[in-house]
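Colleague: sequence and predicted model, in that order:
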Amino acid sequence: MSEQLVDYASLSDEAKAEARKNFMVYYIHQFKGDNLEEVSNLADDRDLAMINHLLEENNFQTVDALVPLCERMVSSSFDRILQRLNMQYNLNGESQINWDRWTQSLHTKLPVED
């Protein structure tokens, strides 16, 4: 029997918190690697600006320290981004595929130049 998958908006608050935390780890790694192209193409610029400003101001901190800071300061921006990314989740908030595979799947859909 296959596991039920739902969109972000349909998750319980507890499952949203888990999904958001996992995405924050991915996002912060991408931010530190200057590799947010995929997310920035799909997210609202205002949400990105809020998150990125916080991360720039605190870039000296580790990912483990930045996640709780982001949760306190910009969780609603992450919520809005997650609603736009078209990811499916199990009822516990675990994404259908991990975020690195999600990024790779977007790259495979890009046209190839001759």
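Modeller: Done, it's in.

Colleague: could you use CA atoms for every contact and neighbour count after this?
Modeller: Fine.

Colleague: now the most centrally placed residue in the chain: which helix or strand?
Modeller: Closest residue to the average C-alpha location of the chain: Phe23 at 3.5 Å, with CA atoms, centre = their mean. Here Phe23, judged by DSSP states H and E, is contained in helix 13-32.

Colleague: buried stuff in that helix?
Modeller: Going by neighbour count (16 or more other CA atoms under 10 Å), the buried part of helix 13-32 is 15-25, 27-28, 30-31.

Colleague: low-confidence regions, this structure specifically.
Modeller: Scanning the chain for pLDDT under 70 picks out the ranges 1-2, 109-114.

Colleague: now do the contacts for Leu82.
Modeller: By CA atoms under 8 Å, 6 or more residues apart in numbering, the contact list for Leu82 reads Tyr8, Arg20.

Colleague: my bad, should have said Val63
Modeller: So, once contact is read as CA under 8 Å, 6+ apart, Val63 ends up touching Val25, Ile28, His29.

Colleague: switch those over to a markdown table; also include distance to Asp79.
Modeller: Output for the contacts of Val63, formatted as a markdown table (distance: CA to CA, whole Å):
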| residue | distance to Asp79 |
| --- | --- |
| Val25 | 14 |
| Ile28 | 15 |
| His29 | 18 |
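
Colleague: circling back to that earlier point, any idea how far Tyr89 is from the residue nearest to the centre of the chain?
Modeller: 12 Å (CA to CA, to the nearest Å).

Colleague: ditto for Ala9
Modeller: Taking CA to CA, one finds Ala9 at 10 Å from Tyr89.

Colleague: these two: who's more crowded?
Modeller: Tyr89 (22 against 13; other CA atoms under 10 Å).

Colleague: can you tell me the closest non-neighbouring residue to that one?
Modeller: Ser95 (4.3 Å; CA to CA, 6 or more residues apart in numbering).
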